[in-house]
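S.K.: Quick one: sequence and predicted model below, then my questions.
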Amino acid sequence: MRLERLGPVFGAELKNIDLSTITASNGFDEINNLINQHEVLVIRGQRLNAEEQLIFGRLFGELAVSPFSPRSATNPELIVLETDAQSKRPLTDIWHADETYKLEPPKLTILKALISPQLGGDTMFCSMRAAFDFLSDRMQSYLNGLTARHGFGRFRDLLETDLPTLHKIEGQLPRANHPVVTLHPETSATVLYVNRHFTERINELPDDESRSILEFLLQQTARPEIQLRIKWEPGTVVIWDNRSVQHYAPPDYWPQRRRMERVTVEGQVPVPASTDDRVIHHRIEVDGVPAELSEEGATFARNYEFNRDGLDDPDCGT
Ligand SMILES: O=C(O)CCC(=O)C(=O)O
Ligand SMILES: [Fe+2]
């Protein structure tokens, strides 16, 4: 097999490989390591049928059954996302990691295209470990130790019922608090773990502060430098690390037909990055060179140095 990186920050395409031949002792460790390292792995030209996709998924752990997504009648672990003129507009145009309202959100998602529209229907990804790395040291320290509440977001709209019944159903569905900054359990990377679909508030902050800080954090997914956009064709499989990336699927193709099949691997309770005052994090590297701060970030850093020197300077202000 051969690997081609898809961008300087994350993402890779794996070539010359047939996923149906992978077993626990043949190729699994390599693929698992590549997912940890590159966060999104694209494998094209696969002829994996649904059964083989389930078997491949089970190599990584138990498969999840989503309470909201449309499942295959014969196999509840297989999610079938099919869109055409008869279906509603898909609710995928919002940045999210899958199912973070669960106490144990999924670890990986494996999505396969069966029918792709002629134009549109791409899926976008954002590296949330890069999002965290791009924050200032001050912001990283501020976030450390905070937790956020995750609920159902837009999936509420799928529960077509009157308001009192909706509240009752919501009361019975899971909800979870997760650290705002998590530690990836396999790579120890620090990850910004809030998303626009499911994260409702930061628990330790008053309402107005939570709203502003959360909005600032959610906007980080808009940075083109930390995004990736994947084009699908029938037979394309994408595996993403749901612990460290978010995705957004523009429904720009709808009502054209698109059919995808997905399996989702169960994960663990997210762990907080650190309980120290200072977060020890890894910095993004591009070919071994630490990524540059953005222009504003660099200006801020220079001003900060200047002001601090100024305070220490006995001649300051004279
Ligand atoms: O349709 C897509 O490309 C992705 C949909 C999605 O959000 C998912 O499968 O988790
Ligand atoms: Fe999703």
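M.R.: That came through, no problem. The shown structure was predicted, so the numbers you read here are calculated from the model rather than taken from an experiment. Ligands and ions are numbered 1, 2, ... in the order given.
S.K.: So residue 216 belongs to a strand, correct?
M.R.: No. Following the definition DSSP: H, G, I helix; E, B strand; the rest coil, residue 216 is helix and is not counted among the residues of a strand.
S.K.: Return the distance of it relative to ligand 1.
M.R.: Here the distance between residue 216 and ligand 1 works out to 24 Å (CB to the nearest ligand atom, to the nearest Å). The way it works is simple: take the backbone N, C-alpha and C, and place the C-beta from them, glycine included.
S.K.: To what extent is that residue buried, counted in neighbours?
M.R.: 11 (other CB atoms under 10 Å).
S.K.: Please apply the same query to the one 3 residues further on.
M.R.: Residue crowding around residue 219 was assessed by other CB under 10 Å; the count is 12.
S.K.: For the residue of the stretch 151-300 of the chain found nearest ligand 1, which non-adjacent residue is spatially closest?
M.R.: Of the residues in the stretch 151-300 of the chain, the one nearest ligand 1 is residue 249, at a distance of 3.4 Å by CB to the nearest ligand atom. Ranked by CB to CB, 6 or more residues apart in numbering and with sequence neighbours excluded, the top spatial neighbour of residue 249 is residue 92, at 3.7 Å.
S.K.: pretty sure the residue of the stretch 151-300 of the chain closest to ligand 1 is in contact with residue 94, am I right?
M.R.: No. In this structure, residue 249 sits apart from residue 94 without contact. The criterion is CB atoms under 8 Å, and the distance is 9.3 Å.
S.K.: between those two, which one's more packed in?
M.R.: Set residue 249 next to residue 94 and count neighbours by other CB under 10 Å: residue 249 wins out with 23 against 16.
S.K.: What segments of the protein are helices?
M.R.: With DSSP state H applied, the chain shows helices at 28-38, 50-58, 128-133, 137-143, 163-172, 207-218, 295-312, listed in chain order.
S.K.: what about those helices, which gets the closest to residue 254?
M.R.: For those, proximity to residue 254 was assessed by CB to CB; helix 50-58 is nearest, at 23.3 Å.
S.K.: what comes up buried for that closest one?
M.R.: By 16 or more other CB atoms under 10 Å, the buried positions in helix 50-58 come out as 50, 52, 53, 54, 55, 56, 57.
S.K.: Next, format these as TSV and append pLDDT and distance to residue 28.
M.R.: TSV is the format used below for the buried residues of helix 50-58 (pLDDT from 0 to 100; distance: CB to CB, whole Å):
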residue	pLDDT	distance to residue 28
50	96	20
52	97	14
53	98	15
54	97	15
55	98	12
56	98	9
57	98	12
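S.K.: Nearest to residue 149 among the residues you listed?
M.R.: Residue 149 lies nearest to residue 57 out of the buried residues of helix 50-58, by CB to CB, at 29.0 Å.
S.K.: Now the closest one. Nearest residue, chain neighbours left out?
M.R.: With sequence-adjacent residues excluded and distances taken as CB to CB, 6+ apart, residue 57 is closest to residue 263, at 3.8 Å.
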